[in-house]
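Engineer: Below are the sequence and a predicted model; questions follow.
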Amino acid sequence: MNDLKKRVEELTKILNEANYNYYVLDNPTITDQEYDKYLRELINIETEHPELADPSSPTNRVGGEVIDKFNKIVHEKPMLSLANVFNEEEIKDFDAKIKKEGYTPEYVCEYKIDGLSVALIYEGGKLIRGVTRGDGVTGEDITHNVKTIKSIPLTLPRPIDIEVRGEIFMNKSTLEKLNKEREEKGLPLLQNVRNAAAGSIRQLDSKITAKRELDNFIYYLPEPEKYGIKTHLEALEFMSSLGFKVNPANRLVKDIDGILNFITEITEKRNSLPYEIDGVVIKVNDIDMQEKLGYTAKYPKWATAYKFPATEVLTKLTDIIFTVGRTGRVTPNAVLDPVIVMGSTIRRATLHNEEYVLSKNLMIGDIVSIRKAGDVIPEVVEAKFERRTGDEVPFKMIDKCPMCHSELIKLPDQADYYCKNPECPKRNIESIIHYVSRDALNIEGLGDEIVEELYNLGFVKNIVDLYSIKDKKKAIMEFDGYGEKSLNKIIDNIENSKNSSLERLLYGLGIKEIGTKTAKLLASYFGSMDMLMQATQEELESIRDIGSITAKSVVEYFKTHQDLIAELKSLGVNMIYKGRIAGTNELVTDKRFVITGTITGLGRKEIKEKLENYNAKVSESVSKNTDIVIVGTNPGSKYQDALNLGITIWDEAKTLEVLNNLQ
Ligand code: IVH
């Protein structure tokens, strides 16, 4: 038995090394036949002696594990997206904004790989979990499928705990090969590499994923400080040394010229790459600088994505129709003869408002050029006046709501027209759609069309009605298309969503000016709906990042919606913030801290947590922006840095005095 165990270890090592050499280094060391032979031997041993099969055995590469549903996983640190820039000027703006904060950054330029992002979590050097980005906060467990991706290590050379993030993608040649096979079998073709990769990773049966030959690049280390890493480039090198596939094209550049050169070079090479890229990602190299620049709710402020120029095509503007949003805003939309741009069919494009249409002098019947860049919303660029025949019809803004026919209202200093009718069906439908959307109560199964239908059928006239769908099940099922199973799922999801944290509800209510970030801020600041509802305009305005317009909107909303909130509460909808409660303390809140040396009785992690609970920032190195340096026994060079820069120093006694007063 011991010998067998040893053989398993030997085979695991051989196969892992062969995989690494072939798929990461692109430098095969054994033949395919040899590989298959070793793999078969290992599969045989594991089949006969299942107790010897390790969860991170290379036999997982061929797939086999089948799951019945995707479990939800909350990311340790949110998985953010990137802001976009489209030209040299916008790249310069990005750089200028950072310089304005007092920094002179170096950047790392990377290819923007067209796939989907993944978080890989290792414990003791073993891959234990792979998670999709999902909504950035919660993703789906795709471990069984991730294990089939041969360029993702199952075991690291050292038994460390680590999370890394990167992009899973499909090479262009793989898509071609798969589509050829699918064509022969009469199956629908996979649209493009991104959809193909996303579809392949969302399979319950990992055997299917294994056949899709997915690949990956790793490009982000969420917790560099754990490994003493100070720059993004070091993080990339560190991850590469652990056996991850890191793109060799990544490059450190000193300034804007370096960025522009990188972009020019890759624009020429782009088509000859084996994988699709849709731009270049530009990241500040210094990690301390990154932390100080910080984040918005969706993006890091220290990185941006340059998107390659869009493709433009011509088509006919056949009509301009009007839609009504949740706030009552009426938007003109272009109806286009369908055209394919960058792999997707475009039929509609927003025309924003009356002014926008008039400024472009668009007429119905015009030939217009349409632009689309990557995953960005398509836009109408201009009308081709030289193609006019004289039959075009001038655009005219409407003055009545297209849905409820009430008079539209336009404020003198605003571009938009609004339907102010609180009974307007379209407004109500949009409000319900917003309430159930991903960043709000995230009620899966209630797509836009279902909401609209339930509204039109009279079952759900407002958000409160959602909670009585369960009592109307029989009646709803009498209509076509509603199976009991799917309806039960929706009902379950509605019931479960009652436990959501307060910020989701706040955002879902659709209060003017309250986006996801402000909702989170208010929820964490006040802790409960009751406390928030009692807040005065002055109190709200005193909160950092809340301006007078937002404060006013919040106060006004609660003045007129007390009944709604009471009703939701009586239905059991949670009104409490479930995340950390941020208190305030004038010595701590909004200050930037650095910790060096040890403080008796308090771990560094605890200190950091306590400070962060009070909205302080804790960074790794001292700079002129640091407010306070906590100096314990055996301090490092940061102590000297603090003295040199004349920064306030707290010794152990002072630190304990302040921290003991925090919760
Ligand atoms: S960095 C906080 N680097 O682009 C760091 N993202 O449009 C966030 N992507 O969600 C990501 N190549 O899926 C980064 N070299 C690269 C990337 C990259 C592709 C994707 C990623 C992200 C999306 C944002």
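Structural biologist: Good, I have the coordinates.
Engineer: burial measure for residue 398, as a count.
Structural biologist: 15 (other C-beta atoms under 10 Å). All C-beta spots, glycine's among them, are computed from the backbone N, C-alpha and C.
Engineer: Which residues are in contact with it?
Structural biologist: 322, 330, 408, 417 (C-beta atoms under 8 Å, 6 or more residues apart in numbering).
Engineer: Could you give the separation of stretch 652-663 from the chain centroid?
Structural biologist: 37 Å (C-alpha atoms, centre = their mean, to the nearest Å).
Engineer: Span of stretch 528-546 from start to end?
Structural biologist: 18 Å (C-alpha to C-alpha, to the nearest Å).
Engineer: got it, and stretch 217-224?
Structural biologist: For stretch 217-224, the end-to-end distance is 18 Å (C-alpha to C-alpha).
Engineer: Stretch 203-222 too?
Structural biologist: From start residue to end residue, stretch 203-222 stretches across 27 Å - C-alpha to C-alpha.
Engineer: Tell me the confidence at residue 598?
Structural biologist: Residue 598 carries a pLDDT score of 88 in this model.
Engineer: Tell me how many other residues crowd it.
Structural biologist: By other C-beta under 10 Å, neighbour count at residue 598 equals 14.
Engineer: In space, what's closest to it - neighbours in sequence excluded?
Structural biologist: Spatial nearest neighbour of residue 598, excluding adjacent residues (C-beta to C-beta, 6 or more residues apart in numbering): residue 632 at 4.5 Å.
Engineer: before we move on, back to that, let's have the contacts of residue 398 in a markdown table, adding secondary structure, pLDDT and distance to the ligand.
Structural biologist: Formatted as a markdown table, the contacts of residue 398 follow (DSSP: H, G, I helix; E, B strand; the rest coil; pLDDT from 0 to 100; distance: C-beta to the nearest ligand atom, whole Å):
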| residue | secondary structure | pLDDT | distance to the ligand |
| --- | --- | --- | --- |
| 322 | strand | 96 | 31 |
| 330 | strand | 95 | 31 |
| 408 | strand | 96 | 36 |
| 417 | strand | 95 | 33 |
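Engineer: Kindly indicate which of those lies nearest residue 138.
Structural biologist: residue 330 (34.4 Å; C-beta to C-beta).
Engineer: Distance of that closest one relative to residue 416?
Structural biologist: 7 Å (C-beta to C-beta, to the nearest Å).
Engineer: Pretty sure residue 441 sits against residue 500.
Structural biologist: Yes - the pair residue 441 and residue 500 passes the contact test of C-beta atoms under 8 Å, sitting 5.6 Å apart.
Engineer: Surely residue 599 touches residue 653?
Structural biologist: No - using C-beta under 8 Å, residue 599 makes no contact with residue 653, being 9.8 Å away.
Engineer: Contact partners for whichever residue of the stretch 251-400 of the chain sits closest to the ligand?
Structural biologist: In the stretch 251-400 of the chain, the residue found nearest to the ligand is residue 281; the distance is 4.1 Å by C-beta to the nearest ligand atom. The contact partners of residue 281, by C-beta under 8 Å, 6+ apart, come to 82, 109-112, 219, 303-306.
Engineer: How about the secondary structure of it?
Structural biologist: With DSSP: H, G, I helix; E, B strand; the rest coil as the basis, the three-state label of residue 281 is strand.
Engineer: okay, residue 441 and residue 500: which has more neighbours?
Structural biologist: Set side by side, residue 441 and residue 500 show more neighbours around residue 441, with 23 against 17, by other C-beta under 10 Å.
Engineer: quick one on the thing from earlier: pLDDT at the residue of the stretch 251-400 of the chain closest to the ligand, what is it?
Structural biologist: 98.
Engineer: going forward can the numbers begin at 14, since that is how I track them
Structural biologist: Noted, 14 is the first residue going forward, which turns the last one into residue 294.
Engineer: In the sheet, which residues pair with it? Tell me.
Structural biologist: residue 123, residue 318 (DSSP bridges).
Engineer: So it versus residue 320, what's the distance?
Structural biologist: 10 Å.
Engineer: And for residue 88?
Structural biologist: Residue 88 is 25 Å from residue 320, by C-beta to C-beta.
Engineer: again, but for residue 430
Structural biologist: With C-beta to C-beta as the criterion, residue 430 and residue 320 are 32 Å apart.
Engineer: so what's residue 154 closest to, chain neighbours aside?
Structural biologist: Residue 154 sits nearest to residue 84 (C-beta to C-beta, 6+ apart), 4.3 Å away.
Engineer: In this structure that neighbour contacts residue 152, no?
Structural biologist: No - applying C-beta under 8 Å, one finds residue 84 not in contact with residue 152, separated by 9.9 Å.
Engineer: out of these two, which sits in the more crowded spot?
Structural biologist: residue 152 (23 against 12).
Engineer: which secondary structure element contains the more buried one?
Structural biologist: Element membership of residue 152, judged by DSSP states H and E, is strand 151-153.
Engineer: and that strand, what other elements does it pack with?
Structural biologist: strand 85-87, strand 139-145 (3 or more C-beta pairs under 8 Å, 6 or more residues apart in numbering; DSSP states H and E).
Engineer: Among these, show the one with the smallest mean pLDDT.
Structural biologist: When I compare the helices and strands packed on strand 151-153, strand 85-87 is least confident, with a mean of 90.
Engineer: That one pairs with which strands?
Structural biologist: Within its sheet, strand 85-87 is paired with strand 151-153 (antiparallel), according to DSSP bridges.
Engineer: so how far is residue 451 from the nearest residue to residue 293 once chain neighbours are set aside?
Structural biologist: Closest residue to residue 293 apart from its sequence neighbours, by C-beta to C-beta, 6+ apart: residue 319 at 4.6 Å. From residue 319 across to residue 451, the span is 27 Å (C-beta to C-beta).
Engineer: Who has more neighbours out of these two?
Structural biologist: A count of neighbours by other C-beta under 10 Å puts residue 319 above the other of residue 319 and residue 451, at 25 against 14.
Engineer: isn't that one right up against residue 291?
Structural biologist: No - look at residue 319 against residue 291 with C-beta under 8 Å: they stay out of range, at 9.8 Å.
Engineer: so what sits against both of those two?
Structural biologist: Joint contacts of residue 319 and residue 291 (C-beta under 8 Å, 6+ apart) are residue 125.
Engineer: quick one, helices of the stretch 264-413 of the chain?
Structural biologist: 269-282, 300-306, 367-372 (DSSP state H, counting those that start in this stretch).
Engineer: For residue 575, list the residues it contacts.
Structural biologist: Contacts of residue 575 by C-beta under 8 Å, 6+ apart are residue 546.
Engineer: Quick check: the gap between it and residue 522.
Structural biologist: For residue 575 relative to residue 522 (C-beta to C-beta), the value is 12 Å.
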